[in-house]
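1. structure, please.
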Amino acid sequence: MREEDTFVRVTRMTMEDLPGALRVESACFRDAWSEAVYHATLLLPYVRYLAARSPEGEIVGTIGLRLIAGEGEITNVAVLPAWRGRGIAGQLLREALRIGTEEGTEAFTLEVRASNRPAIALYEHAGFRTEGVRRGFYENPAEDALIMWNRAGSART
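-> Residues are numbered from 1 along each chain as shown. Okay, here's the model as predicted:
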């Protein structure tokens with residue numbers, strides 16, 4: 001794989017990015033967010049959404065970060081299947097944690113499907129640790145969620 005094939009640029013998502021973000025969302029999740037939900041979420045003052053862009057400007061990955069009461073919640077980490085395995089999710093995660101830390105956040109949390117071993121490994125590498133389980137949290141298919149926290153305030157990746 002050539003380096004130029006894997007290069008992505010991470011930028012703050014805007015409303016103009018909504019079609020690309022929805023394409024990523026629907027390719028990655030069975031219960032993808034609707035355009036209305038994404039649109040409303042992007043308007044919230046405490047939300048930061050980022051997009052990973054290919055060299056051609058195509059959105060190939062997204063991540064959401066909610067900053068509430070001094071804590072950050074990572075939401076909707078997604079990378080198009082054809083772009084996985086290139087470090088894009090890690091790049092998105094590092095940038096989200098950097099932004100949150102820059103804005104005064106010291107602890108970050110997320111939920112992840114208990115069976116999603118690649119994501120769990122990524123989060124553990126970034127300093128997250130499992131601190132609980134939400135039984136039956138996910139649907140389609142039904143599955144528990146691991147509740148993970150990074151209380152160091154930044155990624156190690």
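2. give me the buried positions along the helix or strand containing Thr41.
-> Counting by DSSP states H and E, the element that carries Thr41 is helix 35-42. Judged by neighbour count using 16 or more other CB atoms under 10 Å, the buried positions of helix 35-42 are Tyr38, Leu42. The C-beta positions use only the backbone N, C-alpha and C, and glycine is treated the same way.
3. looking at stretch 15-31 now, give me its mean pLDDT.
-> Per-residue confidence for stretch 15-31 averages out to 92 on the pLDDT scale.
4. alpha carbons of it, as PDB, please.
-> Output of stretch 15-31 as PDB, limited to C-alpha atoms (Å, rounded to 0.1, in the frame of the first residue of the first chain):
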ATOM      1  CA  MET A  15     -23.600  21.100   7.100                       C
ATOM      2  CA  GLU A  16     -22.200  20.900   3.600                       C
ATOM      3  CA  ASP A  17     -20.600  17.600   4.700                       C
ATOM      4  CA  LEU A  18     -23.900  16.000   5.700                       C
ATOM      5  CA  PRO A  19     -24.300  13.900   2.500                       C
ATOM      6  CA  GLY A  20     -20.900  12.400   2.800                       C
ATOM      7  CA  ALA A  21     -21.300  11.800   6.500                       C
ATOM      8  CA  LEU A  22     -24.600  10.100   5.900                       C
ATOM      9  CA  ARG A  23     -23.000   7.800   3.300                       C
ATOM     10  CA  VAL A  24     -20.400   6.800   5.800                       C
ATOM     11  CA  GLU A  25     -23.000   6.300   8.600                       C
ATOM     12  CA  SER A  26     -25.200   4.100   6.400                       C
ATOM     13  CA  ALA A  27     -22.300   2.000   5.200                       C
ATOM     14  CA  CYS A  28     -21.200   1.300   8.700                       C
ATOM     15  CA  PHE A  29     -24.300   1.000  10.900                       C
ATOM     16  CA  ARG A  30     -27.500  -1.000  10.500                       C
ATOM     17  CA  ASP A  31     -29.400   1.600  12.500                       C
END
